[in-house]
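[1] Predicted model and sequence below, questions to follow.
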Amino acid sequence: MESYLHYREEGTGDPLILLHGNGEDGGYFVHQIERFSQRFRTIAVDTRGHGASPRGDAPFTFAQFARDLENFLNELELPRVNLLGFSDGGIIALLFALEHPDRVERMVLNGANLFPEGVEPGLRERIRAKHEAYRGNAPYEDADTQRKYELVRLMAEEPHIDPADLADLAVPTLVIAGTGDMIEEEHTRLIAASLPCAELAIIPGDHFIARDNHEAFNDAVERFLLAP
């Protein structure tokens, strides 16, 4: 059974799709919905197995999440959209754009990574240790524990995006992260440098700048989205 994605929608205008991070839901973007719904048709989506979206039977992978996004946009009859992806949501946005560049007007990648090694080393080791502990007993009969395992596995084993594959992705992109992000700044700069139409913004804060420094984050995103 395929997953039907739950979403929250506010505002009118050009569509702006908000894609949240690992283990979260569209509610993470409360400050972005409030701001951007004044100018955009703002749609915050719950990824498969997150929030109010069912897990379904399909693989719990970034590739599947990107296919889910394609199906979701088809259901809403949205041929071309702006994408704002945070963390795992940024990975989903990037994979979707690589497959369907003609369907993306502009893209914001916040705290995304191309491969697991882009995560700060100390955190990466903790993720790997947790993944090993879960993997030894998988699959789990308990659905909640199985979900936790799947979420950790995503961070430990995915994604695998070659920076060279970004060279032909001519979608205007804002790559934005916090000064103390869990994604290494060198990796964030690699993403921006690998995209031919990207600009980079590093603003004060940690991985969760869209929540904890939302005014500065929203200002940077709005300038990018509304630029000629």
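    That came through fine.
[2] give me the element the residue most central in space within the chain is part of.
    With distances taken as CA atoms, centre = their mean, Gly89 lies nearest the centre of the chain, 1.3 Å away. According to DSSP states H and E, Gly89 maps onto helix 88-99.
[3] That helix: which residues count as buried?
    Using 16 or more other CB atoms under 10 Å as the burial criterion, the residues of helix 88-99 that qualify are Asp88, Gly89, Gly90, Ile91, Ile92, Ala93, Leu94, Leu95, Phe96, Ala97, Leu98. In short, each C-beta sits where N, CA and C put it, glycine included.
[4] what's the closest of these to Glu158?
    Ile91 (7.7 Å; CB to CB).
[5] Do a quick rundown of the strands in the chain.
    Under the criterion DSSP state E, strands of the chain are mapped to 7-10, 15-19, 41-45, 81-86, 104-110, 173-178, 198-203.
[6] List the residues that contact the nearest residue in space to the residue nearest to the centre of the chain that is not next to it in sequence.
    Nearest residue to Gly89 in three dimensions, chain neighbours excluded: Leu19, at 3.0 Å (CB to CB, 6 or more residues apart in numbering). Going by CB atoms under 8 Å, 6 or more residues apart in numbering, Leu19 touches Val45, Thr47, Leu69, Leu83, Leu84, Gly85, Phe86, Asp88, Gly89, Gly90, Ile92, Ala93.
[7] As TSV, those residues with distance to Arg223 and pLDDT would be great.
    Output for those, formatted as TSV (distance: CB to CB, whole Å; pLDDT from 0 to 100):
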residue	distance to Arg223	pLDDT
Val45	24	98
Thr47	27	98
Leu69	25	98
Leu83	17	99
Leu84	14	99
Gly85	18	99
Phe86	18	99
Asp88	25	98
Gly89	21	98
Gly90	19	98
Ile92	24	98
Ala93	19	99
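[8] any idea which of the residues you listed is closest to Arg147?
    Distances from Arg147 to those, taken as CB to CB, are shortest for Thr47 (12.1 Å).
[9] What pLDDT is listed against the closest residue in space to Val45 that isn't next to it in sequence?
    Closest residue to Val45 apart from its sequence neighbours, by CB to CB, 6+ apart: Tyr7 at 4.7 Å. Here, the pLDDT recorded for Tyr7 equals 98.
[10] do Glu2 as well
    For Glu2, the predicted pLDDT is 60.
[11] can you check Glu222 too?
    98.
[12] Now do the same contact list for it.
    Arg35, Phe36, Arg39.
[13] Find the residue closest to the last one in space, skipping its chain neighbours.
    Think Arg39. Nearest in space to Arg39, with sequence neighbours left out and distances taken as CB to CB, 6+ apart, is Gly13 at 5.7 Å.
[14] neighbours around the residue nearest to Phe96 when sequence neighbours are not counted, how many?
    Of all residues not flanking Phe96 in the chain, Ala66 sits nearest, at 4.5 Å (CB to CB, 6+ apart). When neighbours are defined as other CB atoms under 10 Å, Ala66 has 20 of them.
[15] Right, I'll call it a day here.
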